[in-house]
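**Q** can you look at this prediction? I've put the sequence above it.
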Amino acid sequence: MADVLSSDPFFRVFGRRLAHPCVLGFVIALVAVLIIVFGSSSDSHFIYTDF
Amino acid sequence: MGTLRNALGGICVAFLLLAVVDVAVRLGFPRSDRLNENFSSTYLHREIDALRGSSPTVVLGDSALWGYGLPAQRSALSLLRRQGIPNENLSYEGGSPPNTYAMLRALLRDGVRPRLVVFNVNQKEFNPMDSAYRQLHPSVERLAWSALDRSERALLKPTQPSGSDQALQRIVESTWQLYGMRNDLREWLFGDVDAVHVAQGAIERISGTAGRRRAAHRPTAEAFEGTYDLTPLNASDVSFRFLALVADLLHRNRIPALAILTPTNHVLLHQYVDTPEYAANLRASTFLLRSRGIEVLNLDDAFPGTDFIDNDHLNAAGNVRLAKVLRSALQ
């Protein structure tokens, strides 16, 4: 499997860079922030009831 | 082995970056003229923390003082602030006497000793059918529950589920500010509760659904049938009992206070509120407060029908008028 991946030109260019701790950490942090920002308000505190 | 090392390194970098973002949120998240629509307990704690050790004029109330239907800067309290009368507006949609009491207890517990407390008394909140009659705002409940006595808690209906997952969530929220303030962050970024609501609102505006809904949403007297309970107020009413607790707490702590009997649209609600029973309940509230040394400003029938959006929410002109009345009362 590793041989197949390493022979893939896309993996050779991006896969190794992605595997770098700094890039990996940045991606994880970015995904976490995006989930929080664009998450749903299903846990909304809103209780006001209009007529 | 190398892959594992990279993965662990990646997690460490992610934690580091999230910690940096968290520090930025703690330091940089703006304070607003009033609490946002969907404020979290983390945000409220942050607001109270900012007041610690100071003696501000604190406004505690419901949507009428919060400035429902208007941008923050057009609410009466914001107008007052711009006119040189500083105040901290901690009102919110869903306020009521139990909520005012809980907020006051949380403020005192956390070292805020107001120079003056301004709060409103809305007759509709003495109705057991009102959503805030014996329920605290969930964020206030989280923050103030531990400040309440057991007997006071017993009068209230908790909204927060308890369990290990809730306990875990609270721990995460208290340590990770970004997560704790996610609702506040979304509202600050999108001007709505979340991105989905923004997209939905845009689609409704384009399709004309929003306009049609607004047109169909005109307040009519019938819509408020049952909103005002005209049963004589006494200690059996939980909300009225909390009003007495608010008055006692202020009196005991020698905190000067001004209670506002909420402006009510008597033109719209004539058949429900222009009755001897409603007037008697107003007198009962006034007597209770004055007997504890609290000044009462009766604005119940002080505004014309054209100043209202609905039963008790003032429009922009009404808020200007309210600011004027409060200005002379506070000066």
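**A** In hand now; what should we look at? Small disclaimer: the values here were computed from a predicted structure and weren't measured.

**Q** taking chain A, what residue is nearest to chain B?
**A** In chain A, no residue comes nearer to chain B than residue A:25, which is 2.4 Å away by C-beta to the nearest C-beta. Bear in mind the C-beta positions are built from the backbone N, C-alpha and C, glycine included.

**Q** next up, the contacts around that residue.
**A** Listed by C-beta atoms under 8 Å, 6 or more residues apart in numbering or on different chains, the contact set of residue A:25 reads B:9, B:10, B:11, B:12, B:13, B:14, B:15, B:16, B:17.

**Q** what about 10 Å?
**A** Contacts of residue A:25 were listed using C-beta atoms under 10 Å, 6 or more residues apart in numbering or on different chains, and they are B:6, B:7, B:9, B:10, B:11, B:12, B:13, B:14, B:15, B:16, B:17, B:18.

**Q** the fifth one and residue A:27 touch, don't they?
**A** It refers to residue B:11. No. With the criterion set as C-beta atoms under 10 Å, residue B:11 and residue A:27 do not qualify as a contacting pair; they are 11.3 Å apart.

**Q** ok, so of the contacts of residue A:25, who is nearest residue B:144?
**A** Top of the list for closeness to residue B:144, among those and by C-beta to C-beta, is residue B:18 at 29.2 Å.

**Q** nearest residue to the closest one in space, please, no chain neighbours.
**A** Nearest non-adjacent residue to residue B:18, counting by C-beta to C-beta, 6 or more residues apart in numbering or on different chains: residue A:29, 5.1 Å away.

**Q** cool, residue B:130 as well?
**A** Spatial nearest neighbour of residue B:130, excluding adjacent residues (C-beta to C-beta, 6+ apart): residue B:124 at 5.9 Å.

**Q** likewise for residue B:320?
**A** The shortest distance from residue B:320 to any residue that is not its chain neighbour, by C-beta to C-beta, 6+ apart, is 6.5 Å, and that residue is residue B:79.

**Q** now stretch A:39-51: mean pLDDT?
**A** For stretch A:39-51, the mean per-residue pLDDT is 57.

**Q** apologies, that question was intended for stretch B:210-229.
**A** Per-residue pLDDT over stretch B:210-229 has a mean of 88.

**Q** which other residues reach that stretch?
**A** Where contact means C-beta under 10 Å, 6+ apart, the residues beyond stretch B:210-229 that reach it are A:50-51, B:122-130, B:133, B:200-205, B:237, B:239, B:264-265, B:267-273, B:275, B:277-278, B:281, B:308-313.

**Q** tell me the SS of the residue of chain A closest to chain B?
**A** Secondary structure for residue A:25, judged by DSSP: H, G, I helix; E, B strand; the rest coil, is helix.

**Q** still on that earlier bit, and the residue nearest to residue B:320, what is it in contact with?
**A** If you count contacts by C-beta under 10 Å, 6+ apart, then residue B:79 has B:33, B:67, B:73, B:85, B:316, B:319, B:320, B:322, B:323, B:324, B:326, B:327 around it.

**Q** export those residues to a markdown table and append columns for pLDDT, neighbour count and secondary structure.
**A** Shown next, in a markdown table, are the contacts of residue B:79 (pLDDT from 0 to 100; neighbours: other C-beta atoms under 10 Å in any protein chain shown; DSSP: H, G, I helix; E, B strand; the rest coil):
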| residue | pLDDT | neighbour count | secondary structure |
| --- | --- | --- | --- |
| B:33 | 92 | 19 | coil |
| B:67 | 96 | 26 | coil |
| B:73 | 95 | 13 | helix |
| B:85 | 95 | 15 | coil |
| B:316 | 97 | 16 | helix |
| B:319 | 98 | 24 | helix |
| B:320 | 98 | 14 | helix |
| B:322 | 98 | 25 | helix |
| B:323 | 98 | 20 | helix |
| B:324 | 97 | 14 | helix |
| B:326 | 97 | 24 | helix |
| B:327 | 96 | 15 | helix |
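
**Q** list just the nearest of those residues to chain A.
**A** Relative to chain A, the closest of the contacts of residue B:79 is residue B:67; by C-beta to the nearest C-beta it sits at 12.9 Å.

**Q** any figure for the gap between that closest one and residue B:61?
**A** Residue B:67 sits at a distance of 10 Å from residue B:61 (criterion: C-beta to C-beta, to the nearest Å).

**Q** list residues touching both of those two?
**A** B:77, B:89, B:91.

**Q** how about stretch B:238-257 and chain A, touching?
**A** No. Residues of stretch B:238-257 are not located near chain A by C-beta under 10 Å from any C-beta of the partner chain, the shortest gap being 15.0 Å.
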